[in-house]
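*Asks:* Here is my input, please return the structure:
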Amino acid sequence: MADFDAPSDACNPGAGLFAECLVHDWEHRIQAAVDFHELEQARVELLGKNGLLTLELKKLGNLSIDERRSVGARLNCIRESFEGLFQQKKQQLDELELNERLKQEALDVTLPTRPITTGKRHLLTRISDQLSSYFCSRGFLVTSGPEVDSEFNCFDGLNMPSHHPARQEQDTLYLKNHEQMLLRVHTSTMQIRTFSTKGIPVRGISTGAVFRNDAVDATHTPLFHQIEGFVAEPGITMAHMKYCLLDLLSFLFNVDLCAMAKRGDAIPVRFRPSFFPFTEPSSEVDCCCSRVNGELKLDMGGTWMEILGCGMIHPNVFKNCGAETFEDGTPAQGFAFGIGVERIAMLKYGVTDIRHFYDGDIRWLNHYG
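*Replies:* Take a look at the predicted model:
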């Protein structure tokens, strides 16, 4: 704090208690404060409502104009200096307190670490990620959409008539007070959303949860997961679809079905005619499976099991999305397929009850994670 070249009290009217020696005494007291309580006590005694300096300032009204001007300037300068000194001391105490707290809360990095228990990915998540990675490497776009969707995206856009049994409340979960909104019953809704927004040509997949009004048992739950794939490109035929799905099953079950087909060997996969409103022609894909020493094998000596549904996308689906032709004017064409993730997991890993996926048994999660 700067020194004040003020005359002594005897020759300086209005100086009162604040002679030079008193200013230095208060400076020393402020600097010597060891904690916030002591500092605050000094501030109140000096600058408070009834503080010494405040009282001196109140006496200025008793002085003449000339004396008031000179004495007031000196006292205001002293007050500003004291305020700065109080603020500086407060910052010093703040730093001391912080440093002390850091010392007390310091982490001893030389101590041995505690054992870390890491989580494991759920079996359904792992299979979904594997399939997404597989399709991404083949140029497919990964798409995602809301689990609550419109009746148009779920049914009308997919060429499902109003009298279709899947649209009844015994099969579909509608939202109360929102008659045209429902929990999506399949990931095929992403066909409508993708064709409508991105147009064609396009190839993509969509993974996610779907919902059905089913009773819970060993093979059914109201919530399960699907992977929807679709390709809309010029010149696409069922032969392309068949090759794509054989390559997919080869990846899933670690067997080269495409090579077997090229050699003319009997492959444990069959395409069985079926019907879906959004594909024409449609088929279901079955695999001949057996389990040897706990491992799934695809061979002709096993049992035929349904794996997925597929087909050529119905022209009405393209029409409903406003994507009836490609840029060169040729009619839109393509194929689509849908896979149940739980079904693949149950086949591949021998899970006998779909409810195990959702029980949250930590032993089960640790085993399959």
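*Asks:* Chain neighbours aside, what residue packs nearest to residue 183?
*Replies:* Once flanking residues are discounted, residue 183 sits nearest to residue 211: 3.8 Å by C-beta to C-beta, 6 or more residues apart in numbering. Placement of C-beta: from N, CA and C, glycine included.
*Asks:* The one you found contacts residue 185, doesn't it?
*Replies:* Yes. If you go by C-beta atoms under 8 Å, residue 211 and residue 185 touch, sitting 6.6 Å apart.
*Asks:* Tell me which of these two has more neighbours.
*Replies:* More crowded of residue 211 and residue 185, by other C-beta atoms under 10 Å: residue 185, with 21 against 18.
*Asks:* Double-check that the more buried one belongs to a helix.
*Replies:* No. Counting by DSSP: H, G, I helix; E, B strand; the rest coil, residue 185 is not part of a helix but coil.
*Asks:* mind listing what it touches?
*Replies:* Listed by C-beta atoms under 8 Å, 6 or more residues apart in numbering, the contact set of residue 185 reads 154, 166, 171-172, 210-212.
*Asks:* Identify, from the residues you listed, the entry nearest to residue 283.
*Replies:* Closest to residue 283 out of the contacts of residue 185 is residue 166 (18.9 Å), distances taken as C-beta to C-beta.
*Asks:* right, and that closest one touches residue 151 too?
*Replies:* No. With contact defined as C-beta under 8 Å, residue 166 does not reach residue 151; the gap is 11.5 Å.
*Asks:* The two: which is more packed in?
*Replies:* Taking other C-beta under 10 Å, residue 166 and residue 151 do not tie; residue 151 has more neighbours (18 against 14).
*Asks:* my guess is the more buried one meets residue 182, correct?
*Replies:* Yes. Under the criterion of C-beta under 8 Å, residue 151 makes contact with residue 182 at 6.4 Å.
*Asks:* what stretches of the chain score poorly on pLDDT?
*Replies:* Across the chain, the ranges flagged by pLDDT under 70 are 1-19, 106-108, 111.
*Asks:* any idea which helix is longest in it?
*Replies:* helix 65-104 (DSSP state H).
*Asks:* give me every residue that touches residue 255.
*Replies:* So residue 255 contacts 249, 298 (C-beta under 8 Å, 6+ apart).
*Asks:* helix or strand for it, which one?
*Replies:* For residue 255, there is no host helix or strand (DSSP states H and E).
*Asks:* can you tell me how far it sits from residue 291?
*Replies:* 14 Å (C-beta to C-beta, to the nearest Å).
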